[in-house]
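1. how would this look folded up:
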Amino acid sequence: MEKWNNVFFPFKYGIGIQKFYMPRILSPFQPVPEMIGHDGSTGSVAFYVPEMDVYITGTTNQQAQPNIAFQTMIKILMRVNGRN
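-> Sure thing, here's the model as predicted:
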């Protein structure tokens, strides 16, 4: 499942799962850990963060701005990790 293929940035795709990653160059002050899971078309997400042993699931129930779900997940992870 984790044979990662580059499809489009910032995702890599395995078999039925995605890896969301943010290169350090794009987030130099607050590194974003890799997340493995999947997202849906209406802002739904289910991801596991191996580095932190944390699961994140939820939905924003909208399609207009799909990046909001990922921005929110990153904010949650920064809080859980004691950053910001």
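
2. residue boundaries of the helices in this structure?
-> Counting by DSSP state H, the chain has helices at residues 67-80.

3. where along this protein do the strands fall?
-> Using DSSP state E, the strands of the chain run over 5-8, 11-13, 18-20, 35-39, 44-49, 54-59.

4. contacting residues around the second one?
-> Judged by CB atoms under 8 Å, 6 or more residues apart in numbering, the contacts made with strand 11-13 from elsewhere in the structure are 4, 5, 6, 7, 18, 19, 20, 21. For every residue, glycine as well, the C-beta is placed using N, CA and C.

5. Just send the strands of the chain back as JSON lines, with mean pLDDT and mean neighbour count too.
-> Output for the strands of the chain, formatted as JSON lines (pLDDT from 0 to 100; neighbours: other CB atoms under 10 Å):
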{"stretch": "strand 5-8", "mean pLDDT": "84", "mean neighbour count": "8"}
{"stretch": "strand 11-13", "mean pLDDT": "87", "mean neighbour count": "17"}
{"stretch": "strand 18-20", "mean pLDDT": "91", "mean neighbour count": "19"}
{"stretch": "strand 35-39", "mean pLDDT": "93", "mean neighbour count": "19"}
{"stretch": "strand 44-49", "mean pLDDT": "94", "mean neighbour count": "18"}
{"stretch": "strand 54-59", "mean pLDDT": "93", "mean neighbour count": "14"}
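
6. Using CSV, lay out these together with distance to residue 72.
-> Below are the strands of the chain laid out as CSV (distance: least, CB to CB, whole Å):
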stretch, distance to residue 72
strand 5-8, 21
strand 11-13, 17
strand 18-20, 13
strand 35-39, 12
strand 44-49, 9
strand 54-59, 8
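
7. which pair in the contacts of strand 11-13 spans the largest distance?
-> 5 and 20 (14.1 Å; CB to CB).

8. Which of the strands of the chain sits closest to residue 80?
-> Closest to residue 80 of these, according to CB to CB: strand 54-59, at 6.1 Å.

9. contact partners of that closest one?
-> By CB under 8 Å, 6+ apart, the list of residues contacting strand 54-59 from outside reads 35, 37, 40, 42-49, 69, 72-73, 76-77, 80.
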